[in-house]
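[1] only geometry, no sequence info:
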């Protein structure tokens, strides 16, 4: 087990979960959300933002945790 890789993965998952929570409770804190909505439209901008700041970090975090538990190293 590689503890550093697992911890980075847990941090990525936590970041993704935090952005999901914050987008619902404090959407005004996301400076990049409004420009994305203006560029890609209301729905498209929200989808790009959700994928980039919530889904990708959670998926990368899961992959890193699993890799770290199997002995894989990030560095």
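    On my side now, so go ahead. Since the structure is predicted, the reported quantities are computational estimates derived from the model, not experimental observations. Numbers count the residues shown, from 1 in each chain.
[2] list the buried residues in stretch 61-70.
    By neighbour count with 16 or more other CB atoms under 10 Å, stretch 61-70 contains the buried residues 61, 64-65, 67-68. Bear in mind the C-beta positions are built from the backbone N, C-alpha and C, glycine included.
[3] what's next to the lowest-mean-pLDDT helix or strand in the chain, contact-wise?
    Using mean pLDDT, DSSP states H and E, helix 33-40 stands out as the lowest-scoring helix or strand of the chain, at a mean of 90. The contact list for helix 33-40 (CB atoms under 8 Å, 6 or more residues apart in numbering) reads 23, 27, 44-49.
[4] could you list the buried residues of stretch 16-31?
    Quick answer for stretch 16-31 (16+ other CB under 10 Å): 16, 19-20, 23.
[5] now stretch 36-56
    36-37, 45-46, 48-50, 53-54.
[6] among these, which pair sits farthest apart?
    Taking CB to CB, the two most distant members of those are 37 and 54; they sit 15.6 Å apart.
[7] quick one: the helices in this protein?
    3-25, 33-40, 42-50, 56-69 (DSSP state H).
[8] out of those helices, nearest to residue 75?
    Per CB to CB, nearest to residue 75 of the helices of the chain: helix 3-25, 6.9 Å.
[9] residues making contact with that closest one?
    Counting by CB under 8 Å, 6+ apart, 29-30, 33, 49-50, 53-58, 60-69, 72-75 sit against helix 3-25.
[10] change it to 10 Å
    2, 28-30, 33, 46, 49-50, 52-75 (CB atoms under 10 Å, 6 or more residues apart in numbering).
[11] stretch 46-54 now?
    Contact with stretch 46-54 is made by 15-23, 27, 30, 32-37, 39-41, 55-56, 59, as judged by CB under 10 Å, 6+ apart.
[12] now do the buried residues in stretch 3-20.
    Residues of stretch 3-20 classed as buried: 5-6, 8-9, 12-13, 15-16, 19-20 (neighbour count, 16+ other CB under 10 Å).
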